[in-house]
Every structure is written in C-alpha cells, then in structure tokens.
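A.B. asks: Compute the structure for the input listed below.
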Amino acid sequence: MISIAGVVISLDLIVMAIWGIIFAIFIIKLFQSIRLVPTKSAYIVERLGKYKSTLDAGFHALIPFIDKVAYIHDLKEETIDVPPQECFSSDEVNVEVDGVIYISVVDPVKASYGVTDYRYAAIQLAQTTTRSVIGTLDLDRTFEERDLISAKVVEVLDQAGLTWGIRVHRYEIKNITPPETVKNAMEMQVNAERERRALLAKSEGDKQSKINRSEGYKTEMINLSQGEMQRRINEAEGKAEEILTIAKATAESIERIAEVIAKPGGENVVRLQLGEQYLKQLDGLAEGSKVVLPGNMVDFDHWMDSIGLQEKK
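C.D. replies: Numbering: from 1, shown residues only. Purely as a prediction, here's the structure:
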C-alpha cells in the first residue's frame with residue numbers, strides 16, 4: 001500500500017510539473033505575442049507558416065502559438081561594404097576594387113520572400129556589375145570613370161530591387177588598386193608629366209618675360225619719340241607765336257609812326273630821332289670801320305631828303 005501511494009504521489013507531482021511547464025510556456029508565449037514595433041521598422045507576421053500581415057510602428061498583440069514574427073526589417077538607410085575583388089580591365093590589367101552600397105528596404109514583404117538575403121544578393125550583383133563595367137574600360141579610364149561605374153551598378157541594382165523590395169540610393173567605389181608594378185609605372189608617368197608641365201611653365205614664363213621687356217622697350221621708344229615730337233611742336237609754336245608777336249608789334253609801331261608823321265611837325269620829330277640814332281651809331285663804330293658820310297654835313301638835310309624823310313615838294 002505504501003509503495004502504491006508513493007507512486008500515486010509521484011505521478012501527481014509529475015502531472016503538476018507538466019502543467020506548470022505548460023503554464024509557464026503559455027505565459028512566455030503570451031508575453032512574446034505582445035510586440036512593440038519601433039519607428040522605421042517593420043515586422044513580418046506569419047500565421048501557421050503563411051504570411052499574415054506587416055506590423056508598423058506601435059503596439060501589436062498576436063495570437064500565441066499561431067502567429068509569429070518571421071522577419072524583422074530596419075527601414076532606415078544602411079550601408080553595406082562590398083569586399084575587394086579582382087577585376088580585369090580591357091587592356092588586361094588586374095586591379096582590385098572595393099566599394100560601399102547605400103540601400104533601404106521599401107517593401108518588407110518582397111524583402112522577406114522575394115530573395116533569401118537581399119544584402120548578400122546586392123553585394124554579389126554589385127561585384128559582378130563592377131567587373132563587367134571595368135572590363136570595358138582601359139586602366140587609365142577606370143580611375144576617371146568612377147561615376148560611370150557607380151551609375152551602372154545603381155541602375156542594375158534598382159532593376160533587381162523591384163523584385164527584392166529594396167531601393168539602392170547610391171554606390172561608391174572606395175579603392176581601385178592596381179598591381180605594384182603598374183603603380184610604379186604610373187608614378188613614373190605622373191612624375192614625367194609633372195616635370196613636362198614644369199618645363200613648359202618655365203618656357204612660357206621666359207617667353208612672357210621677353211615679350212614684356214620688348215613691349216616695355218617699345219613703349220619707352222614711343223613715349224620718347226612722342227615727347228620729342230611734342231617738344232618740337234611746342235618750339236615751333238613758340239617761334240611762330242614770337243614771330244606773330246613781333247610782326248604785330250612792328251605793325252603797331254609803323255602805324256603809330258605813320259600817325260605821328262601825319263600830324264603837324266611830325267616829320268621834323270621823326271627826322272630828329274633818326275639823326276640822333278645815326279649819331280649814336282657813329283659813336284659806336286669801332287676803329288678801322290668804313291663809314292660813308294656826306295661830303296658836307298651841312299647837306300645832311302639833303303641826305304635825309306635822299307632817303308625819303310623830307311617832304312616831297
């Protein structure tokens with residue numbers, strides 16, 4: 001009897017434990033069915049393994065054991081690093097390229113069921129597109145056509161994103177690394193180009209310097225010639241002004257003499273002045289000079305008449 005009672009008690013304890021476990025599981029599932037969805041997030045709910053709904057930001061209650069959150073998506077823009085990969089350019093040069101993708105989920109349902117892992121798929125598609133684009137470019141153009149490569153990758157990812165429920169905002173190439181030998185050759189080419197530009201700039205400077213000196217000398221000669229021309233013009237104008245002034249003064253003097261002669265006794269006054277001037281000239285003559293005098297100084301008046309100062313009878 002004792003053993004049977006012990007077995008009954010053990011069975012009761014086991015049943016109670018099982019019910020306790022079931023109750024605990026029910027409580028846990030009940031709490032798990034209450035979901036608080038953050039902003040810019042989306043929860044994909046499945047009911048008995050089938051898509052049921054998409055939970056937006058806020059409070060939501062699910063049916064325990066029936067509904068479950070199968071996928072959680074962050075709707076904010078995110079960056080995905082594209083690992084380095086080897087690509088061959090059209091001139092058969094091996095380069096290593098890596099980049100970064102900026103994407104965001106725009107359709108959580110397609111991002112959940114349209115592709116297994118949209119991040120991995122985007123990386124693989126970006127790598128294959130990058131290889132195909134670089135394969136059409138020379139090595140030198142791969143460094144210049146980064147925008148072309150990025151635009152092509154974004155175009156291809158956008159087309160795939162319609163099925164995957166994602167949007168590719170941009171793709172940026174971080175590094176394009178050529179082999180060490182090619183890098184050394186490119187550095188030598190860059191140094192040669194830099195030296196060529198330096199020599200060209202120096203020759204252009206020398207040329208411009210010579211041009212400036214010749215232009216300065218030309219300007220100086222023009223200024224000197226113009227100054228000499230202006231000086232001669234000024235001297236000529238001064239002489240012309242002097243001649244005009246003297247002529248004007250002479251004309252005025254003659255007019256006044258004529259007016260004086262025309263007055264009564266004017267001829268005598270003029271005769272007297274001329275005689276004084278004549279005598280002064282005689283006093284100023286140096287020795288040895290020949291002077292023509294009238295034979296009779298008394299006949300001075302007759303001599304004066306001979307030069308036209310006496311009134312004509």
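A.B. asks: Was I right to think P108 contacts A42?
C.D. replies: Yes. Counting by Cβ atoms under 8 Å, A42 is a contact partner of P108 at 4.0 Å. Heads up, the C-betas are built off the backbone N, CA and C, glycines and all.
A.B. asks: okay, and the common contacts of the two?
C.D. replies: Residues touching both P108 and A42 (Cβ atoms under 8 Å, 6 or more residues apart in numbering): 54, 73, 75.
A.B. asks: what distance separates the longest helix seen in the chain from the centre of its chain?
C.D. replies: Longest helix in the chain, counting residues (DSSP state H): helix 180-262. In terms of Cα atoms, centre = their mean, to the nearest Å, the centre of helix 180-262 is found 37 Å from the chain centre.
A.B. asks: For it, the averaged confidence score.
C.D. replies: Average pLDDT, helix 180-262: 80.
A.B. asks: so what secondary structure elements neighbour it?
C.D. replies: helix 266-283 (3 or more Cβ pairs under 8 Å, 6 or more residues apart in numbering; DSSP states H and E).
A.B. asks: Now do the helix it packs on, average pLDDT.
C.D. replies: On average, helix 266-283 scores 65.
A.B. asks: Buried residues in stretch 123-140, which are they?
C.D. replies: Across stretch 123-140, burial judged by 16 or more other Cβ atoms under 10 Å covers 123, 125-127, 129-130, 133-134, 137, 139.
A.B. asks: ok, E77 touching V106?
C.D. replies: No. Judged on Cβ under 8 Å, E77 makes no contact with V106 at a distance of 10.6 Å.
A.B. asks: about what we covered before: restricted to strands, list the shared contacts of P108 and A42.
C.D. replies: Judged by DSSP state E, the subset of the shared contacts of P108 and A42 located in strands is 54, 73.
A.B. asks: top of the shared contacts of P108 and A42 by neighbour count?
C.D. replies: H73 (21 neighbours; other Cβ atoms under 10 Å).
A.B. asks: quick one: that one and R47, what's the gap?
C.D. replies: Separation of H73 from R47 (Cβ to Cβ, to the nearest Å): 18 Å.
A.B. asks: and S33, what is it in contact with?
C.D. replies: Taking Cβ under 8 Å, 6+ apart as the criterion, S33 is in contact with 61-64, 67.
A.B. asks: Show me which of those are buried.
C.D. replies: 62, 64, 67.
A.B. asks: Let me know the closest of the residues you listed to D12.
C.D. replies: P64 (27.2 Å; Cβ to Cβ).
A.B. asks: Let me see the mean pLDDT of the helix or strand harbouring I28.
C.D. replies: Assigned by DSSP states H and E, I28 belongs to helix 2-32. In this model, helix 2-32 carries a mean pLDDT of 73.
A.B. asks: for that helix, packing partners?
C.D. replies: Counting by 3+ Cβ pairs under 8 Å, 6+ apart, helix 2-32 packs on no helix or strand.
A.B. asks: how about stretch 221-233 as CSV, C-alpha atoms only?
C.D. replies: Extracted C-alpha coordinates of stretch 221-233, given in CSV (Å, rounded to 0.1, in the frame of the first residue of the first chain):
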residue,chain,number,x,y,z
MET,A,221,60.7,104.5,-77.5
ILE,A,222,57.2,105.5,-78.5
ASN,A,223,57.0,107.8,-75.4
LEU,A,224,60.4,109.3,-76.2
SER,A,225,59.5,109.9,-79.8
GLN,A,226,56.2,111.4,-78.9
GLY,A,227,57.9,113.6,-76.3
GLU,A,228,60.5,114.8,-78.9
MET,A,229,57.7,115.5,-81.4
GLN,A,230,55.8,117.4,-78.8
ARG,A,231,58.9,119.4,-77.8
ARG,A,232,59.5,120.4,-81.5
ILE,A,233,55.9,121.2,-81.9
